[in-house]
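# next one to model:
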Amino acid sequence: MELTVHHQVLGAVFAVALVLGAVAGKTHFCTMGAVSDWINMGDTGRMRAWLLAIAVAMAGVAGLELTGVITLGGDTFPPYRGSGFAWLRYLAGGFLFGVGMTLASGCGNKTLVRIGAGNLKSLVVLVIAAVMAYLMLWTPFYERLFHPWVSATTIDLAAHGIAAQDLGSLIAAAGGVAPSRALTAAVGAVIALALLVFVFRSADFRASFDNILGGLAVGLVVIAGWYITGGPLGQAWKDYADFADAVPSRVQVQSFTFISPMGDTLRWLMDPGNLALVNFGVVALAGVITGSLLHALASRSFRIEWFASHADFFNHALGGVLMGIGGVLAMGCTVGQAITGQSTTALGSLVAFAAIIAGAAATMKYQYWQLLQEN
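Sure thing, here's the model as predicted:
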């Protein structure tokens with residue numbers, strides 16, 4: 001079989017995802033765990049690791065855009081900077097995803113990492129979330145239940161003279177000046193610097209090698225995704241797809257996200273002979289699981305884990321349903337929106353990020369109250 005630029009892109013994505021899975025397994029990088037530590041124990045270590053990942057990714061995107069290596073417009077997957085500000089979609093989807101990831105004991109990325117380490121509960125969550133994501137993406141399910149109210153509440157920024165929803169474009173519109181690459185990059189750099197200052201103010205965080213490694217690695221992985229698909233290799237990839245006999249799926253500028261790819265993976269598994277359906281997200285899922293598995297085997301931490309009770313199964317199953325629906329509705333997860341999306345300084349990503357934290361925090365508070373009632 002001829003090695004094409006499409007295979008090169010997928011190979012690079014797999015290699016980067018492999019690193020992500022291994023590092024996340026080693027450092028216990030977990031966004032749900034970050035919220036849990038903060039809400040239940042007042043420990044901000046993993047939350048700061050999450051913010052460090054955002055800062056690194058944001059600074060990297062600012063640098064890549066300022067130097068002209070990549071250009072992130074409204075045609076990325078998903079369209080983070082699109083002119084349609086679907087505020088209710090971000091809020092509702094993010095909240096549902098936050099509830100779901102708490103019930104399922106981890107976000108999309110953590111689910112994959114746990115599978116690699118032998119957790120069969122997370123495999124069940126993956127299957128259920130993939131089914132729901134498939135329904136949202138590839139059947140009339142979304143069109144019938146969500147599209148009417150999403151379209152009715154979406155604000156068309158272009159109609160107000162605002163080309164995109166990144167903070168640079170919004171600031172330019174508010175100041176009555178033309179948006180520019182320099183302004184967009186400057187906004188991202190300033191926010192990234194502020195986050196870095198906040199993150200490293202904590203002496204406990206500075207002393208935690210794993211938290212620093214986890215935040216740095218995840219941020220760099222997101223930058224790598226943008227560079228692979230938006231840099232010179234990505235341009236060659238798009239040129240290849242324009243003339244390919246079987247056009248590959250989702251040949252767009254993108255980086256790491258994990259819920260829509262679950263639906264895409266199920267779509268490919270339903271037609272495994274159609275290799276054009278093997279895209280960035282499908283390969284990323286496989287890479288994270290493989291990287292986590294390799295780390296678990298090397299560290300001798302691989303353990304088979306199953307549900308402790310029927311209630312445990314129900315919570316995880318419901319969590320998978322809400323993650324699949326909420327992740328697609330919000331156009332991203334705790335990585336896809338809260339890190340990859342935020343690296344573009346998109347306003348919608350900030351709203352989704354806040355909604356995810358709110359959903360997770362509310363669920364944890366309810367679970368704690370329920371525990372007190374039972375005791």
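
# how about the helices in the stretch 251-375 of the chain?
260-269, 280-298, 310-329, 347-374 (DSSP state H, counting those that start in this stretch).

# and G73, how many neighbours?
A count of nearby residues for G73, using other Cβ atoms under 10 Å, gives 14. Glycine gets a C-beta too; all of them are placed from N, C-alpha and C.

# take the helices of the stretch 251-375 of the chain and write them to TSV, including mean pLDDT and distance to F200.
Listed next are those as TSV, based on pLDDT from 0 to 100; distance: least, Cβ to Cβ, whole Å:
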stretch	mean pLDDT	distance to F200
helix 260-269	98	32
helix 280-298	98	26
helix 310-329	97	30
helix 347-374	93	21
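
# out of those, which comes closest to A12?
Proximity to A12, assessed across these by Cβ to Cβ, is greatest for helix 280-298 (9.4 Å).

# list the helices and strands the closest one packs on?
helix 5-27, helix 108-116, helix 260-269 (3 or more Cβ pairs under 8 Å, 6 or more residues apart in numbering; DSSP states H and E).

# contacts for the shortest one, please.
Contacts with helix 108-116, where a contact means Cβ atoms under 8 Å, 6 or more residues apart in numbering, come from 20-21, 24-25, 30-33, 101, 104-106, 121-123, 125-126, 129, 257-259, 262, 285, 288-296, 323, 327, 333-336.

# how does it look with 6 Å?
21, 24-25, 30, 106, 122-123, 125-126, 258-259, 288-289, 292-293, 333, 335 (Cβ atoms under 6 Å, 6 or more residues apart in numbering).

# from those residues, which would you call buried?
Buried by 16 or more other Cβ atoms under 10 Å: 21, 24-25, 30, 106, 122-123, 125-126, 258-259, 288-289, 292-293, 333, 335, out of the contacts of helix 108-116.

# between the helices of the stretch 251-375 of the chain, which gets nearest to G60?
Nearest to G60 among these is helix 347-374 (15.4 Å), distances taken as Cβ to Cβ.

# now for the closest one, which elements pack on it?
Contacts defined by 3 or more Cβ pairs under 6 Å, 6 or more residues apart in numbering; DSSP states H and E place helix 347-374 against helix 87-103.

# name the residues of the helix it packs on that are buried.
So for helix 87-103, counting by 16+ other Cβ under 10 Å, buried means 88-103.

# please, which helix or strand holds L126?
For L126, the enclosing helix or strand under DSSP states H and E is helix 120-138.

# sorry, back to before: nearest to I223, of the helices and strands packed on helix 280-298?
Among the helices and strands packed on helix 280-298, the nearest to I223 by Cβ to Cβ is helix 5-27 (9.7 Å).

# avg pLDDT for the closest one?
Here helix 5-27 scores 97 as its mean pLDDT.

# okay if I get the helices and strands packed on helix 280-298 as CSV plus distance to N279?
Putting these into CSV (distance: least, Cβ to Cβ, whole Å) gives the following:
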stretch, distance to N279
helix 5-27, 8
helix 108-116, 16
helix 260-269, 6
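
# winner for burial among the ones you listed?
helix 108-116 (a mean of 29; mean count of other Cβ atoms under 10 Å).

# now it: how far from the chain's centre is it?
13 Å (Cα atoms, centre = their mean, to the nearest Å).

# so that helix versus helix 120-138, what angle?
140 degrees (axes from the mean of the first three to the mean of the last three Cα atoms, to 10 degrees).

# find the centremost residue of the protein, please.
Closest residue to the average C-alpha location of the chain: G336 at 1.8 Å, with Cα atoms, centre = their mean.

# for that residue, give me its contacts.
T257.

# repeat that with 7 Å
G336 makes contacts with F256, T257, F258, I259, as judged by Cβ atoms under 7 Å, 6 or more residues apart in numbering.

# so what's the second one closest to, chain neighbours aside?
Distances taken as Cβ to Cβ, 6 or more residues apart in numbering place G336 nearest to T257, at 2.6 Å, with adjacent residues excluded.

# again, but for the third one
For F258, ignoring the flanking residues on the chain, the nearest one in space by Cβ to Cβ, 6+ apart is G108 at 3.3 Å.

# ok, now the last one?
Nearest residue to I259, sequence neighbours excluded (Cβ to Cβ, 6+ apart): G327, at 2.8 Å.

# go ahead and confirm the one you found touches G98.
No: counting by Cβ atoms under 7 Å, G327 stays clear of G98, with 10.4 Å between them.

# ok, the residue nearest to V127 when sequence neighbours are not counted - contacts?
Using Cβ to Cβ, 6+ apart and skipping the chain neighbours, the partner closest in space to V127 is G320 (7.4 Å). G320 makes contact with A104, V125, I128, A129 under the criterion Cβ under 7 Å, 6+ apart.

# and the two most separated of those residues?
Among these, A104 and I128 lie farthest apart (Cβ to Cβ), at 8.7 Å.

# which one's more surrounded, the two?
When neighbours are counted by other Cβ under 10 Å, A104 and I128 differ, and A104 comes out ahead with 29 against 22.

# was I right to think that one contacts M323?
Yes: between A104 and M323 there is a contact at 6.0 Å, judged by Cβ under 7 Å.

# assign P79 to helix, strand or coil.
Secondary structure, DSSP: H, G, I helix; E, B strand; the rest coil: P79 is coil.

# what is the burial count for the spatially closest residue to it that is not a sequence neighbour?
With Cβ to Cβ, 6+ apart as the criterion, P79 has its nearest non-adjacent residue at 7.9 Å, and that residue is M331. A count of nearby residues for M331, using other Cβ under 10 Å, gives 26.

# many thanks, have a good one.
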